[in-house]
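structural data only, the sequence is not supplied:
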């Protein structure tokens, strides 16, 4: 079997690595891939957003499955195009992926179907948004409705910050078209938890819970990022909370999508806040999380190719998904300056040494230059290990982190330590 994986980050490296363990797969291709992925798959230099380029590649190189993991190609309808060609494709169609690509749509869906979430208002007019925040209680959360690389959510502490953020998003195109519609919502308090789930539109099979760390700096300071680390399981996600979420959030969401004629097949990501009034949805993603996937894939014992096929064929209820009963931790090494300006092209050393010490290295933003692995993104590497407890896994990663070196390397020192 030949499989093509779309994307070039750490999430894709984790998916490709897990697929490479399947005895059913002969060859894996990846577009565009990265330096780490190129060691276990054939990388093809086509951008994940180049839909025509990918379609033409699949026409000339027939695939048994195409796995679409990044948000942009999902929103651009790559799965729809592959379905038209009768190519088995893993991932939601564009109408279903809108649960992530339009926060205005997803919040409206939650309200319509009584799925617990924070109070909110949607604005596509800056004047009305500015008027709305005049007499509000702070802090508030202002979100760009569209895709913004995980950086489109800003917590404002006072009226002036709200005015500045609305102006930047809606009038100064801080996030381009993605920020011209904004959601202003109440600030929810409590521990955050992430649950990723496989679904074929009928059955939901959740992965172990995890916790992401969005802010760039320790103690949740600094700007929002795509994610600076993760661990699994969440220390707050009890069996009781899980039962509540399955009944009141997970299945109602999938059933609502079906009623809206947007049947969701793929991985859905529930980001929730465990408030004193119960779990509430902060947002959905229409794909594997990054870096949560890097923390979760080492725990998966079932053949990922079989899971993807069961979802495509809508037979997810027929497959038993087994996870190792362990904890895991992932710490992201980023370029200095990320999530703002940063320099690419710095040589990376120590990867082989850290692997020999039992750490799995997922490449996030790397490339090969003159035979050397160099930095090629804001988030560069994800270091992952498993252990009996989160504390042990976290300690093992941090004890080995100084084996990796590249100029201006930056990472959080408090992943899983709060």
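Now that the structure is in, tell me what you want to look at. Source: prediction; values computed, not measured.

okay, CA-based contacts and neighbour counts for the rest of this
Fine.

low pLDDT regions in the stretch 251-400 of the chain?
Counting by pLDDT under 70, the stretch 251-400 of the chain contains no low-confidence range.

all the helices of it, residue numbers only.
For the stretch 251-400 of the chain, applying DSSP state H, counting those that start in this stretch gives helices covering 251-259, 292-296, 304-312, 351-356, 390-400.

so of those, which one's packed in deepest?
Comparing the helices of the stretch 251-400 of the chain by mean neighbour count (mean count of other Cα atoms under 10 Å), helix 292-296 comes out on top with a mean of 29.

mind checking how far that one is from the chain centre?
9 Å (Cα atoms, centre = their mean, to the nearest Å).

hmm, who's touching that helix?
10-11, 14-15, 207-208, 210-212, 229-232, 328-330, 362, 382, 384-385 (Cα atoms under 8 Å, 6 or more residues apart in numbering).

who touches the closest residue to residue 206 other than its chain neighbours in this structure?
Nearest residue to residue 206, sequence neighbours excluded (Cα to Cα, 6 or more residues apart in numbering): residue 197, at 4.0 Å. Shown in contact with residue 197 (Cα under 8 Å, 6+ apart): 204, 205, 206, 207, 267, 268, 269.

gap between residue 197 and residue 371?
39 Å (Cα to Cα, to the nearest Å).

what does residue 240 give?
Taking Cα to Cα as the measure, residue 240 falls 52 Å from residue 371.

and residue 417, what pLDDT?
Residue 417 carries a pLDDT score of 88 in this model.

quick one, strands of the stretch 101-250 of the chain?
Taking DSSP state E, counting those that start in this stretch, the strands of the stretch 101-250 of the chain run over residues 120-123, 140-144, 153-156, 182-186, 192-199, 204-206, 211-212, 215-217, 221-224, 229-232.

residue 143 contacts residue 186, correct?
No. Applying Cα atoms under 8 Å as the test, residue 143 and residue 186 come out as separate, 11.1 Å apart.

who touches residue 11 in this structure?
Counting by Cα under 8 Å, 6+ apart, residue 11 has contacts 69, 288, 289, 290, 291, 292, 293, 294, 362, 364.

check contacts around the third one.
Counting by Cα under 8 Å, 6+ apart, residue 289 touches 11, 196, 269.

residue 68 touches residue 5, doesn't it?
Yes. Using Cα under 8 Å, residue 68 is in contact with residue 5, at 6.2 Å.

who touches both of these two?
Counting by Cα under 8 Å, 6+ apart, nothing touches both residue 68 and residue 5.

those two: who's more crowded?
Higher neighbour count among residue 68 and residue 5: residue 5, with 27 against 24, using other Cα atoms under 10 Å.
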